[in-house]
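Engineer: just coords:
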């Protein structure tokens with residue numbers, strides 16, 4: 001049986017190999033076609049090398065982070081200073097119903113993915129990005145409606161400028177394309 005440390009290194013090297021393979025494969029593309037994959041894969045190579053170095057330099061430390069707990073802590077506003085109930089106690093049992101059911105959150109995420117996919121297919125990527133981003137910012141409460149629309153417009157314009165104006169990628173591909181983009 002291999003150690004966890006060895007398993008982490010094997011996985012990191014495999015991911016590094018995928019990024020290197022993407023760079024090698026992209027070198028055969030035309031100049032515009034390799035404009036996106038090479039920088040992204042290069043960044044992946046740098047980050048994976050840093051990951052390998054960091055995970056091999058830590059002496060006996062076992063960094064275990066539950067990503068779902070980390071994300072839900074940020075979303076609910078809980079912080080590390082808030083005392084938590086000890087599992088198996090009455091206090092912990094009383095806090096359990098306060099958390100959302102996992103199946104409901106998974107269905108919500110699945111619904112969001114289907115909604116975004118449907119928007120892409122129906123109205124095209126650029127209008128879908130604006131509608132989805134503004135809706136997400138507004139419904140989630142991250143920003144008030146005016147700021148949500150403004151930020152959605154800025155993000156959408158930057159993506160439009162990068163893909164259509166700079167890379168000359170045709171983004172007019174929805175069923176009901178408005179011909180605006």
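Structural biologist: Everything's here; your move. Keep in mind the model is a prediction, meaning the values are calculated, not measured.

Engineer: Can you give me the distance of residue 121 to residue 149?
Structural biologist: As judged by Cβ to Cβ, to the nearest Å, residue 121 and residue 149 stand 23 Å apart. No exception for glycine: its C-beta is placed from N, CA and C like everyone else's.

Engineer: Kindly apply the preceding question to residue 109 instead.
Structural biologist: Distance from residue 109 to residue 149, by Cβ to Cβ: 24 Å.

Engineer: Between the two, which has more neighbouring residues?
Structural biologist: Set residue 109 next to residue 149 and count neighbours by other Cβ atoms under 10 Å: residue 149 wins out with 17 against 10.

Engineer: Tell me how many other residues surround residue 127.
Structural biologist: Neighbour number of residue 127 under other Cβ under 10 Å is 21.

Engineer: Just the pLDDT for it.
Structural biologist: If you check residue 127, the pLDDT there is 87.

Engineer: Then residue 121?
Structural biologist: In this model, residue 121 carries a pLDDT of 84.

Engineer: which residues does the nearest residue to residue 38 once chain neighbours are set aside contact?
Structural biologist: Closest residue to residue 38 apart from its sequence neighbours, by Cβ to Cβ, 6 or more residues apart in numbering: residue 26 at 5.0 Å. Residues counted as contacts of residue 26 (Cβ atoms under 8 Å, 6 or more residues apart in numbering) are 33, 34, 37, 38, 41.

Engineer: Could you measure from residue 151 over to residue 128?
Structural biologist: Applying Cβ to Cβ to residue 151 and residue 128 gives a distance of 16 Å.
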